[in-house]
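> here are the coordinates; sequence isn't available:
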């Protein structure tokens with residue numbers, strides 16, 4: 001076996017993932033010397049792509065309705081969104097987040113008393129540049145919301161409105 005994989009202190013999830021990677025690499029057959037290395041990294045666990053954690057508004061536009069939602073996280077392959085009334089499995093829609101509008105299919109539905117969560121898969125997957133656009137949109141959205149809140153507070157303090 002090779003050198004131990006580095007991991008951050010106190011991160012049990014990371015150490016479990018590192019151990020799984022190490023075991024996967026140890027049990028993998030040696031590639032022939034003449035073959036090229038694989039183009040994409042081998043995913044560990046259920047995730048095929050890294051997730052960008054968010055909490056910004058978005059819109060799911062399906063054939064039947066337009067749903068306002070909160071985008072919980074997003075990656076190149078899909079997203080997790082919170083809705084008042086979750087969509088049904090295999091329903092298709094367009095997820096609008098700023099200027100990015102990928103086509104998606106509902107692959108997971110969790111219903112709760114006060115709404116629920118849908119997991120959607122993008123078809124086709126979005127590019128890394130689109131994920132970065134969503135990140136920039138989220139940063140600007142938070143800043144604009146704070147500015148709007150301050151403006152409302154100023155109006156209230158000044159007795160306007």
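Ah, there it is. Note that the coordinates shown come from a computational prediction; the quantities given were computed from them, not determined experimentally.

> so residue 89 sits in a helix?
No: the secondary structure assignment for residue 89 gives coil rather than a helix, going by DSSP: H, G, I helix; E, B strand; the rest coil.

> can you tell me the helix or strand for the residue lying closest to residue 98 once chain neighbours are set aside?
Distance criterion C-beta to C-beta, 6 or more residues apart in numbering; nearest residue to residue 98, sequence neighbours excluded, is residue 137 at 3.4 Å. For the C-beta atoms, the positions are set from N, CA and C on the backbone; glycine is no exception. Here residue 137 is covered by helix 128-158, with elements defined by DSSP states H and E.

> Touching stretch 82-100 from outside, list them.
Identification of contacts with stretch 82-100 by C-beta atoms under 8 Å, 6 or more residues apart in numbering yields 56, 58-63, 67-72, 74, 79, 81, 101-111, 115-118, 120, 122, 126, 130, 133-134, 137, 141.

> one step back: measure the residue nearest to residue 98 to residue 54 for me?
Plainly put, residue 137 is 9 Å away from residue 54 if you go by C-beta to C-beta, to the nearest Å.

> more neighbours, these two?
Neighbours were counted for residue 137 and for residue 54 using other C-beta atoms under 10 Å; residue 54 has more, 22 against 18.

> What strands flank the host helix or strand of the more buried one, and is each parallel or antiparallel?
Per DSSP H and E: residue 54 is located in strand 52-62. Using DSSP bridges, the neighbouring strands of strand 52-62 in the sheet come out as strand 66-74 (antiparallel), strand 92-96 (antiparallel).

> Of all those, which one comes closest to residue 160?
Nearest to residue 160 among the strands paired with strand 52-62 is strand 66-74; the distance by C-beta to C-beta comes to 29.4 Å.
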